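Peer 1: Okay, predicted coordinates and the sequence, questions at the end:
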Amino acid sequence: GLYAMARIPLDAIPDLSDVQVIIFTEYPGQAPQVVEDQVTYPLTTAMLSVPYASVVRGYSFFGISFVYVIFEDGTDMYWARSRVLEYLNFVSGRLPDGVNPTLGPDATGVGWVYAYTLESDRHDLAQLRSIQDWFLRYELTGVKGVAEVASVGGFVKQYQIMVDPNKLQAYNIPLQKVQMAIKRSNSDVGGRVVEMGETEFMVRGRGYIQGVEDIRNIPVGIGQSGTPILLRNIATVRIGPEIRRGIADYNGTGEVVSGIVVMRYGENALEVIRNVKERIAQIESGLPEGVHIREVYDRSSLILRAINNLKTTLIEESVIVAVVCILFLFHFRSALVGIFTLPVGVFISFIIMEKQGLNANIMSLGGIAIAVGAMVDAAIVMIENAHKHIEHDGGKKPHWELITDATKEVGPALFFSLLIIAVSFLPVFTLEAQEGRLFRPLAYTKTYAMLGSALLSITIVPVLMGYLIRGKIRPEHRNPVNRFLIWIYHPIIKL
């Protein structure tokens, strides 16, 4: 039980998200209607035939397309992703040239577990965004359980070429020719090998662009006098920011560069956050001087508060149940039998939860909290019945025979009464969609706890009763608590 408790994933709330696969497609510069007709529509019609897909939704925006494929409950996330990839291969030929759909991360709506900002008094937003995109993002993506690290805010560095249309007309150079010249000039080419002195030398043509000056010197044509026309003759080349459609602000203090860590589906949120923090602590020393990482969102605090709150409630309930057992039975060793069923029943629940893949959250632990009071009912009734048998027998029968008779007398009825309580939550399992995903963890753990206590009531509890119910057993009329309560309600009964 302790091993299962240590391995169960922890989260604040159950994941209510549908099993869905997101297809993201870029079609730069195109209007939403064009994106709808040429990208979104072919994709949505192809995804309608994916097995177990219940809903397909398509959204078209300026230059981008989103298609959401929602699957039936119980569908495995990675099986769904592989099926979508298969159907993407079929539809790829119907899309415009250069348009390549990609799948979104294997995460859910509650995957956002951690966020941070980059701060520096020596670097501008463009430099911080470059650090985020080309260093931090890759380092954190490699952390176990991380599906994606999304970059938000800042300026994305971009080489910008602003062509002068008047000069294009003067040199009689079409814009398409300029585009082709830039593409051809940004590539390495390989040749064969040259053998000299029994040594082979590889032949390479190095042509990758290294900076703005390389772009300015790209030849795009030849003038009438045979002089090469360079890109700088017809355009202005500079480094600038990509067009932004949003910003990131931190508490109203100004723009920042931020990173959002998205957890992979089914992972332990608390462990993922811990691993991310450890990796940030390792790589922070390698950041440029003056750059610091500030934590702005950490779900672990919410998870720990929720779990600790329920853990405290469970402990308080267990203590209250134990005190009530001791007071009303008025025999400490007998009360231990009832108290014993609480942690063991909870451990049984955690063992089944771990095997089933349920995570510990407010709802699943709430089911155990609901069951705590009823879990000791059978043990208390059996103990009290054993006390009555010992009281009425007067020492004539052997001790174990008395315990056996007391157990046989009430054991079957108690066992089935606990089963009935467990079965009472079965209608919850008929709930579907989000309400089912919300309440099923509670019903599962409540049922497991009651089944565990029912099993204990006919196995371990009778054996413990035989060993622990010994010594001086006070009759009911000599228990001061019982006498006081009888004194209160007995006159009311006579009315």
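Peer 2: Good, I have the coordinates. Numbers count the residues shown, from 1 in each chain.
Peer 1: Tell me where the chain is predicted with low confidence.
Peer 2: Counting by pLDDT under 70, the chain contains low-confidence ranges at 394-395, 476-477, 495.
Peer 1: residues contacting the spatially most central residue of it?
Peer 2: For the chain, the residue nearest the mean C-alpha position is residue 111 (4.4 Å; CA atoms, centre = their mean). Contacts for residue 111 (CB atoms under 8 Å, 6 or more residues apart in numbering) come out as 105, 147, 262-265. Just so you know, the C-beta spots here come from the backbone N, C-alpha and C atoms, and that holds for glycine as well.
Peer 1: Who wins on neighbours among those residues?
Peer 2: When neighbours are taken as other CB atoms under 10 Å, the top entry among the contacts of residue 111 is residue 263 (28 neighbours).
Peer 1: hang on, residue 192 packs against residue 203?
Peer 2: Yes: in this structure residue 192 lies within contact range of residue 203 using CB atoms under 8 Å: 6.1 Å.
Peer 1: What is the burial count for residue 22?
Peer 2: As a burial measure, residue 22 scores 16 neighbours (other CB under 10 Å).
Peer 1: ugh, wrong one, I meant residue 195
Peer 2: The number of residues near residue 195, taken as other CB under 10 Å, comes to 9.
Peer 1: Now it: closest residue in space, sequence neighbours ignored.
Peer 2: residue 201 (7.7 Å; CB to CB, 6 or more residues apart in numbering).
Peer 1: can I assume that neighbour is in contact with residue 194?
Peer 2: Yes: at 4.8 Å, residue 201 counts as touching residue 194 under the criterion of CB under 8 Å.
Peer 1: what's the residue nearest to residue 195 sitting at in phi/psi?
Peer 2: phi -120, psi 130 (degrees, to the nearest 10).
Peer 1: need the contact list for it.
Peer 2: 193-195.
Peer 1: Spit out the contact partners of residue 257.
Peer 2: For residue 257, the contact set (CB under 8 Å, 6+ apart) comprises 117-118, 125, 128-129, 131-132, 151-154, 248.
Peer 1: Pull the distance from the helix or strand that residue 260 is a member of to the chain's centre.
Peer 2: For residue 260, the enclosing helix or strand under DSSP states H and E is strand 257-263. Strand 257-263 sits 14 Å away from the centroid of its parent chain (CA atoms, centre = their mean, to the nearest Å).
Peer 1: immediately after it, which helix or strand?
Peer 2: Sequence order places helix 269-283 as the next helix or strand after strand 257-263, per DSSP H and E.
Peer 1: What residues sit buried inside the helix or strand following that next one?
Peer 2: Counting by DSSP H and E, the next helix or strand C-terminal to helix 269-283 is strand 292-298. Buried residues in strand 292-298, counting neighbours by 16 or more other CB atoms under 10 Å, are found at 293, 296, 298.
Peer 1: any idea where the strands of this protein begin and end?
Peer 2: In the chain, the strands defined using DSSP state E lie at 20-26, 53-61, 64-71, 102-103, 112-119, 146-152, 157-163, 189-196, 199-205, 219-222, 228-230, 235-241, 257-263, 292-298.
Peer 1: Tell me which of the ones you listed is the most buried.
Peer 2: strand 257-263 (a mean of 25; mean count of other CB atoms under 10 Å).
Peer 1: Neighbouring strands - and their directions - for that strand?
Peer 2: Its sheet considered, strand 257-263 pairs with strand 112-119 (antiparallel), strand 146-152 (antiparallel) by DSSP bridges.
Peer 1: neighbouring contacts of the first one?
Peer 2: Same thing as strand 112-119. Contacts to strand 112-119, defined as CB under 8 Å, 6+ apart, come from residues 128, 131-132, 136, 153, 248, 250, 256-263, 269, 272-273, 276-277, 280, 291-300.
Peer 1: Redo the contacts of residue 201 as CSV? Include distance to residue 47.
Peer 2: Shown next, in CSV, are these (distance: CB to CB, whole Å):
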residue, distance to residue 47
193, 49
194, 53
195, 55
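Peer 1: Just name the closest of these to residue 345, please.
Peer 2: residue 193 (74.7 Å; CB to CB).
Peer 1: isn't the closest one right next to residue 200, touching?
Peer 2: Yes: the criterion here is CB under 8 Å, and residue 193 meets it with residue 200 at 4.4 Å.
Peer 1: For residue 25, list each beta-bridge partner.
Peer 2: Under the criterion used (DSSP bridges), residue 25 bridges to residue 65.
Peer 1: and stretch 283-290, which residues are buried?
Peer 2: Buried residues in stretch 283-290, counted by 16+ other CB under 10 Å: residue 287.
Peer 1: Return the distance of that stretch from the chain's centre.
Peer 2: The chain centroid and the centroid of stretch 283-290 are separated by 29 Å, computed with CA atoms, centre = their mean.
Peer 1: Tell me which residues are up against it.
Peer 2: Applying CB under 8 Å, 6+ apart, the contact partners of stretch 283-290 are 120-123, 131, 135-136, 139, 292-293.
Peer 1: Those in helices, which ones?
Peer 2: Among the contacts of stretch 283-290, DSSP state H puts 131, 139 in helices.
Peer 1: Check the contacts of stretch 283-290 and tell me the two furthest apart.
Peer 2: Farthest pair in those, by CB to CB: 121 and 139, 22.9 Å.
Peer 1: Which of those two has more residues huddled nearby?
Peer 2: residue 139 (15 against 7).
Peer 1: Who are the contact partners of the more buried one?
Peer 2: Residue 139 sits in contact with 279, 283, where contact means CB under 8 Å, 6+ apart.
Peer 1: Distance check, the residue nearest to the centre of the chain against residue 267.
Peer 2: Remark: distance between residue 111 and residue 267 (CB to CB, to the nearest Å) = 9 Å.
Peer 1: So which of the strands paired with strand 257-263 is nearest residue 175?
Peer 2: Comparing the strands paired with strand 257-263 under CB to CB, the one sitting nearest is strand 146-152, at 31.2 Å.
Peer 1: Just the CA atoms of that closest one, as CSV, please.
Peer 2: What follows is strand 146-152, C-alpha atoms only, in CSV (Å, rounded to 0.1, in the frame of the first residue of the first chain):
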residue,chain,number,x,y,z
VAL,A,146,7.3,17.5,-20.8
ALA,A,147,5.3,17.6,-24.1
GLU,A,148,6.0,21.1,-25.2
VAL,A,149,7.6,24.4,-24.0
ALA,A,150,5.7,27.2,-25.7
SER,A,151,7.3,30.6,-26.1
VAL,A,152,5.3,33.8,-25.5
